[in-house]
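Novice: Requesting a structural model of the entry that follows:
(chains A and B)
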Amino acid sequence: AQTVTQSQPEMSVQEAETVTLSCTYDTSENNYYLFWYKQPPSRQMILVIRQEAYKQQNATENRFSVNFQKAAKSFSLKISDSQLGDTAMYFCAFHRVSRDDKIIFGKGTRLHILP
Amino acid sequence: GAVVSQHPSWVICKSGTSVKIECRSLDFQATTMFWYRQFPKQSLMLMATSNEGSKATYEQGVEKDKFLINHASLTLSTLTVTSAHPEDSSFYICSAGPVPGEGYTFGSGTRLTVV
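Specialist: Below you'll find the predicted structure:
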């Protein structure tokens, strides 16, 4: 079974700083996707960034980038120039491309951006 | 982009009654939808995978007779909480996506309170 581990329950950084959220996963699959989702206080889940496992190049979306280490099964999220609006719960997620198409979420990291 | 609408956003019901939550894909067809439950400050727990035209697949430990799922069309899945009790109070979220692996879109969630 696939598992996703986020070892940082909570983090706080000053506005404009860079922060890295950690995520590791366990799978025997070779074809899968990894995601970072953001859940602000409104509780709406928002896709931040996605990574295909077969791609070596790390995904980037504006201030958000990932460090994908497939052999180490590591998938960290870096937020540059953090903004107050980045305050949210962040979930790392694993998606096995198969018949069931389930997404497995980590327990989340609560990120506070301090003014 | 893909839009998923979930209704109602909140509901209060009396113990012993049933509540239906709707999840609609507005601009795409979804053969598969997912239902999650989220407790305060916790991660999303997958309850079941809803398959259009067939029976839902429930995760281990989820009572299929209590949480009835119907996916009668390619754009609508419903979750009915039957004979609700206070312990069923929670935040329920659905998700779907036009293309597996592209990142699923989530509904805005339903806060259920059973009194």
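Novice: If you tally nearby residues, what's the number for the closest residue to chain B within chain A?
Specialist: Chain A approaches chain B most closely through residue A:45 (3.7 Å), counting by C-beta to the nearest C-beta. The C-beta positions use only the backbone N, C-alpha and C, and glycine is treated the same way. Neighbourhood size, residue A:45 [other C-beta atoms under 10 Å in any protein chain shown]: 25.
Novice: I'd assumed residue B:97 was in contact with it.
Specialist: No: judged on C-beta atoms under 8 Å, residue A:45 makes no contact with residue B:97 at a distance of 11.9 Å.
Novice: who touches both of those two?
Specialist: Contact with both residue A:45 and residue B:97 is made by no residue, according to C-beta atoms under 8 Å, 6 or more residues apart in numbering or on different chains.
Novice: in what helix or strand does the most centrally placed residue in chain A lie?
Specialist: Centroid-nearest residue in chain A: residue A:36, 3.1 Å away (criterion: C-alpha atoms, centre = their mean). Residue A:36 is part of strand A:32-39, with elements assigned from DSSP states H and E.
Novice: Starting from that strand, tell me which strands it pairs with and how they run.
Specialist: strand A:46-52 (antiparallel), strand A:88-96 (antiparallel) (DSSP bridges).
Novice: Check the gap between the closest residue to chain A within chain B and residue B:68 for me.
Specialist: Closest contact between chain B and chain A, by C-beta to the nearest C-beta, is at residue B:106 (3.7 Å). For residue B:106, the distance to residue B:68 (C-beta to C-beta, to the nearest Å) stands at 21 Å.
Novice: Which one of those two is surrounded by more residues?
Specialist: residue B:106 (24 against 16).
Novice: Not including adjacent chain positions, what is the nearest residue to the more buried one?
Specialist: residue A:45 (3.7 Å; C-beta to C-beta, 6 or more residues apart in numbering or on different chains).
Novice: OK, contacts around the one you found?
Specialist: If you count contacts by C-beta under 8 Å, 6+ apart, then residue A:45 has A:37, A:38, A:39, A:91, B:44, B:93, B:95, B:106 around it.
Novice: Need the per-residue pLDDT for it.
Specialist: Model confidence at residue A:45, expressed as pLDDT, equals 95.
Novice: Give the pairing partners of the helix or strand hosting residue B:93; include direction for each.
Specialist: Assigned by DSSP H and E, residue B:93 belongs to strand B:90-96. When pairs are called by DSSP bridges, strand B:90-96 turns out to pair with strand B:32-38 (antiparallel), strand B:105-106 (antiparallel), strand B:110-114 (antiparallel).
Novice: Could you dump those into JSON lines and include mean pLDDT and distance to residue A:80?
Specialist: Converted to JSON lines, these look like this (pLDDT from 0 to 100; distance: least, C-beta to C-beta, whole Å):
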{"stretch": "strand B:32-38", "mean pLDDT": "94", "distance to residue A:80": "29"}
{"stretch": "strand B:105-106", "mean pLDDT": "93", "distance to residue A:80": "25"}
{"stretch": "strand B:110-114", "mean pLDDT": "97", "distance to residue A:80": "34"}
